[in-house]
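Q: Sequence and computational prediction follow.
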Amino acid sequence: MTNTNRRPGRAWIITPGLRTDRFARAQKSGAAVAVVDIEDSVAGHDKHTARTASETFFAITDPPCTLGIRINSLTTLDGIKDLVALTAYTARPDLILIPKVESPRDIELVAAALDTDGYTPDIWALIESPRAFDTLPAIMHAPRLGGVIFGSADYAASVRCGMGWDALHYVRSALINAATAANIPAIDAPTWELDSPDILRRDAERAKELGFYGKGCVHPRHVKVIDDVFAPTAEEIAQARAIVAAADASGGTVTTVDGQMRGTPFFNAARALVAEADRTS
């Protein structure tokens with residue numbers, strides 16, 4: 001399925017490829033996208049076992065969400081082995097997540113290896129290195145790219161910076177700008193504190209305010225918080241409908257709504273929000 005303009009769900013959950021006992025829990029967590037990971041969560045000597053075991057992640061009837069896999073970097077032998085293994089999977093992923101992307105060539109290679117007449121998976125890129133940010137425009141315009149995810153941990157490790165919001169604010173903004181220019185969605189990195197819903201909610205609110213479409217998570221209990229934050233509130237929807245009504249009444253010229261000046265940028269944003277609300281209601 002080629003979905004370069006499709007918007008995914010808000011919450012993404014990732015689960016280790018060796019932990020087959022966690023597969024069903026991730027799939028039924030309520031996340032819109034569940035990803036089985038055979039990259040960072042798997043030690044080198046277990047890569048073969050993980051890529052073999054992960055096939056069962058996709059062997060379910062009527063999955064409750066989009067099912068994906070994070071392969072290894074295509075600059076490694078394990079990444080090449082992952083692509084070979086995926087061509088032999090009987091049940092295949094809806095989505096391929098490529099880590100360490102620094103060139104559009106990575107997306108092209110996955111598409112060339114996996115695309116067939118009956119199978120064109122959604123291909124997403126993890127943006128997690130300084131070099132990736134240097135080549136963002138080229139990456140974003142790869143024809144088969146469905147969206148991007150920010151890899152905060154790897155980026156922070158690369159530049160030896162902190163992982164606080166201020167330290168990573170610039171690169172998050174750069175990623176949002178490039179993704180929006182290419183008309184593709186961007187998903188924020190997970191919050192790594194497992195037992196602090198307040199920190200998770202604060203991070204999700206900041207990500208939403210910055211322009212991210214959704215957020216990753218590493219535990220099922222994070223899903224509801226992310227969905228709650230990113231879903232438009234009743235107040236936001238009502239305000240958007242009022243702006244759309246005012247735009248129609250004014251013939252699209254500048255007007256006021258609740259004492260605030262509103263014009264074309266506000267009209268466009270409001271129409272997009274109303275369309276989303278009507279589509280998901």
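A: Received, thanks.

Q: residues in contact with stretch 156-169?
A: Identification of contacts with stretch 156-169 by CB atoms under 8 Å, 6 or more residues apart in numbering yields 128, 129, 130, 152, 153, 155, 192, 203, 206. No exception for glycine: its C-beta is placed from N, CA and C like everyone else's.

Q: List buried residues within the residues you listed.
A: 128, 129, 152, 155, 203, 206 (16 or more other CB atoms under 10 Å).

Q: buried sites along stretch 187-200?
A: 187, 188, 189, 190, 191, 200.

Q: Secondary structure and distance to residue 55 added to these, as a markdown table?
A: Formatted as a markdown table, the buried residues of stretch 187-200 follow (DSSP: H, G, I helix; E, B strand; the rest coil; distance: CB to CB, whole Å):
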| residue | secondary structure | distance to residue 55 |
| --- | --- | --- |
| 187 | strand | 25 |
| 188 | strand | 29 |
| 189 | coil | 27 |
| 190 | coil | 25 |
| 191 | coil | 30 |
| 200 | helix | 31 |
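
Q: Switch these over to JSON lines; also include distance to residue 13.
A: Shown next, in JSON lines, are those (distance: CB to CB, whole Å):
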{"residue": "187", "distance to residue 13": "11"}
{"residue": "188", "distance to residue 13": "14"}
{"residue": "189", "distance to residue 13": "13"}
{"residue": "190", "distance to residue 13": "9"}
{"residue": "191", "distance to residue 13": "12"}
{"residue": "200", "distance to residue 13": "13"}
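
Q: what stretches of this structure score poorly on pLDDT?
A: 1-8, 265, 277, 280-281 (pLDDT under 70).

Q: mind listing the strands for it?
A: With strands called from DSSP state E, the chain shows them at 11-16, 33-37, 66-70, 95-98, 122-127, 145-150, 186-188, 214-217, 255-257, 260-262.

Q: Just the angle for the first one relative to strand 145-150, thanks.
A: If I follow you right, that is strand 11-16. 80 degrees (axes from the mean of the first three to the mean of the last three CA atoms, to 10 degrees).

Q: who's in contact with strand 11-16?
A: By CB under 8 Å, 6+ apart, strand 11-16 touches 22-23, 25-26, 29-37, 41-42, 50, 70, 149, 187, 190, 214-220, 222-223, 226-227, 230.

Q: and the angle for that strand with strand 33-37?
A: Strand 11-16 runs at 20 degrees relative to strand 33-37, counting by the same axes, to 10 degrees.

Q: now strand 11-16, how far from the centre of its chain.
A: Centre-to-centre, strand 11-16 and its host chain are 10 Å apart (CA atoms, centre = their mean, to the nearest Å).

Q: Having no further points to raise, I will conclude here.
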